[in-house]
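Asks: Quick check, what structure comes out for this input:
(one chain, ligands or ions: 1)
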Amino acid sequence: MKLWGGRFENSESKLMEDFNSSLSFDKTLYHEDIIGSIAHVKMLEKCHILDKDDVNKIIEGLNAILIDIENGKLEINGDYEDIHSFVEVNLIDRIGDAGKKMHTARSRNDQVALDMRLYSKNMAKEVVENLHELLKTIKKIGEENNYIMPGYTHMQRAQVVTFKHHMMAYFSMFTRDVARIENAMEIMDFSPLGCCALAGTTYKTDRKYTASELGFSGVADNFLDGVSDRDYLIELMSDFSMIMMHLSRLSEELIIWSTKEFDFIQISDEFSTGSSIMPQKKNPDAAELIRGKTGRVYGSLMSLLTTMKGIPLAYNKDMQEDKECFFNALNTSLSCIKVMNGMLGTIKVKKESMLKAVKHGFLNATEAADYLVNKGMAFRDAHGVIGEIVLKCESDNKSIEELTIDDLKGFSKLFGEDIYEFIDYENTLSRGIKKEMK
Ligand code: ARG
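Replies: Take a look at the predicted model:
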C-alpha cells in the first residue's frame with residue numbers, strides 16, 4: 001500500500017519493497033507522526049487551506065488511530081513503506097476522502113525530519129533525567145563511604161585520596177554530559193515542518209504556528225537544510241558516546257576493585273552472575289556488559305557520520321539509515337545508565353582493604369619529600385633522599401613510618417620526631433589544598 005504510483009507502469013519488485021521499507025523500525029515514531037499531523041492540519045485550517053469539517057474528521061481519525069495503537073487494537077505492520085504511509089493509508093480507510101487532504105503542503109521529507117526531532121528531543125530529556133538519578137547515587141555512595149584509599153597513576157599506587165573524591169570525579173564527568181545534552185537540545189530546537197520536499201510550498205502556510213504547537217523555540221532558517229539536517233542526531237550520539245566512555249571507565253574500575261587482588265568493593269548479588277562450571281565464581285557481568293556495549297554506541301555514531309558525509313542536498317534515501325543506529329545508541333545508553341545506577345547503588349565499599357593498600361604503597365612518599373623541603377632542602381634533593389628511603393623500605397619490607405627516627409636521620413639530619421605526624425595519611429589529607437578532597 002503506497003502513497004505513490006501514478007507515474008509507474010510496472011509494480012515494484014518484492015525484493016525492492018522489502019529493502020526500501022522502514023516500517024519495522026520507524027514504527028517507534030507513531031506518536032510523533034500523529035501529533036505532527038494534527039498540528040499540520042490545524043495550521044491548514046487556520047490558514048484557510050482546508051475547511052473545518054475536513055480538519056475535524058482528520059483529527060478525530062488520527063486520535064482514533066493513536067488510541068487503537070496504544071491499546072493494542074491496531075498493530076503496526078503490513079506492507080507499508082513507512083510509518084507515514086501506515087498512518088495516512090489507515091486514516092483514508094477510516095474517514096475516506098477527507099483523509100486524502102492531510103498531506104497538502106507537506107512532504108514525507110519534512111514529516112520524517114519533524115518526527116525524528118520530536119522523538120530525539122523527548123528521549124534526550126529522558127537521558128538527562130536518568131543521568132540526574134545516577135549523579136544522586138554517585139554522591140550518596142561517596143558520602144556514605146568517605147574513607148581513604150590509594151589513588152593511582154599508571155595503575156601504580158601514587159598518593160592518598162578518598163573514596164568520595166574518587167566518586168566525585170565521575171560526578172564531574174556526568175555533570176558535563178548533562179550540560180552537553182542540554183546544549184544539543186537547545187541547538188536542535190527548530191521545527192523543519194513546512195520546508196516540504198526541499199523548497200517550501202506555494203501555499204501560504206504558517207510554519208511558526210506548527211512550531212509553537214509542537215513546542216519548538218523556532219523554525220528552520222533554510223528549507224534545504226531543514227529537511228536534510230541530521231546534525232542533531234550525530235551530536236546526541238556523540239554525547240551518548242561520551243557518556244558510554246565515562247560509564248565504561250567506571251565499569252572498568254568496579255571490575256578491578258571487585259577482584260580478590262584489590263578487594264576494595266563487593267558488587268551485590270543483584271548485579272552479578274555465576275559460572276556454569278566454577279561454583280566459587282561471582283562475575284561482574286553488568287559492568288562488563290556496559291564496557292562492552294560502549295563499542296556499539298561508538299559504532300552507531302561512526303555509522304551515521306559516514307552515511308551523511310557524501311550526501312548532496314537535500315533529502316536522499318540514505319538518510320533513512322539514521323533511525324536504526326540512533327535508536328540503538330539511545331536505547332543502549334539509557335539501559336546502561338540505569339544498570340550502572342542500580343549496580344553502583346548496591347556496592348559494598350571495604351574500608352579496611354583500602355586502608356591496607358594505602359599502608360603498603362608508600363603513598364606518603366611525596367609528603368615525606370615535602371617535609372624535607374619545609375626543613376630547607378631543595379625539592380629535587382628531597383626527592384632523591386626519599387627515593388633512597390623507599391628502596392631500603394622495599395628491601396626490609398617496611399613502610400616509611402615504620403622506620404625509626406635514627407634510621408631516618410641516617411638519610412638526612414633534617415628529620416625530626418614531627419615527621420611521623422606529618423606523613424600520617426589522614427593528616428596529609430587535611431593540609432593545604434588537599435582539604436578540598438574531604
Ligand atoms: N522512511 C523515510 C525516511 O526515513 C521517510 C521519508 C521518505 N521520503 C522520500 N522522499 N522517499 O527517510
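
Asks: what does the stretch 251-400 of the chain have sitting close to the ligand?
Replies: 315, 317, 319-320 (C-beta under 6 Å from any ligand atom). Glycine gets a C-beta too; all of them are placed from N, C-alpha and C.

Asks: out of those residues, who's nearest the ligand?
Replies: Q320 (3.7 Å; C-beta to the nearest ligand atom).

Asks: Tell me the predicted confidence for the closest one.
Replies: Q320 is assigned 98 on the pLDDT scale.

Asks: Could you tell me how far the closest residue in space to it that isn't next to it in sequence is located from P192?
Replies: Nearest residue to Q320, sequence neighbours excluded (C-beta to C-beta, 6 or more residues apart in numbering): S22, at 5.2 Å. Look at S22 and P192: by C-beta to C-beta, to the nearest Å, they are 18 Å apart.

Asks: Over stretch 143-162, what's the mean pLDDT, rounded is fine.
Replies: When pLDDT is averaged over stretch 143-162, the result is 95.

Asks: From what I see, L344 and K140 are in contact.
Replies: No. Using C-beta atoms under 8 Å, L344 makes no contact with K140, being 9.3 Å away.

Asks: just the strands in the stretch 151-300 of the chain please.
Replies: Assigned by DSSP state E, counting those that start in this stretch, the strands in the stretch 151-300 of the chain fall at 156-162, 190-191, 218-219, 265-266.

Asks: State the distance from N397 to the ligand.
Replies: 67 Å (C-beta to the nearest ligand atom, to the nearest Å).

Asks: ok, how many other residues are close to that residue?
Replies: 8 (other C-beta atoms under 10 Å).

Asks: Ok, M302 next?
Replies: M302, neighbours per other C-beta under 10 Å, totals 13.

Asks: The residue nearest to I405 when sequence neighbours are not counted: neighbour count?
Replies: In space, and not counting its chain neighbours, I405 is closest to E417: 6.1 Å by C-beta to C-beta, 6+ apart. For E417, the neighbour count with other C-beta under 10 Å is 8.

Asks: Same question for G345.
Replies: G345: 17 neighbours (other C-beta under 10 Å).

Asks: Same check on E235?
Replies: Count around E235 with other C-beta under 10 Å applied: 20.

Asks: The helix or strand harbouring K139 near the ligand at all?
Replies: Taking DSSP states H and E as the criterion, K139 maps to helix 108-144. Yes. Judged by C-beta under 6 Å from any ligand atom, helix 108-144 and the ligand are in contact via 108-109, 112.

Asks: related to what we said a few turns ago, among the residues of the stretch 251-400 of the chain next to the ligand, which ones are buried?
Replies: 315, 319-320 (16 or more other C-beta atoms under 10 Å).

Asks: Redo those residues as TSV? Include secondary structure.
Replies: Below are those laid out as TSV (DSSP: H, G, I helix; E, B strand; the rest coil):
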residue	secondary structure
Y315	coil
M319	helix
Q320	helix
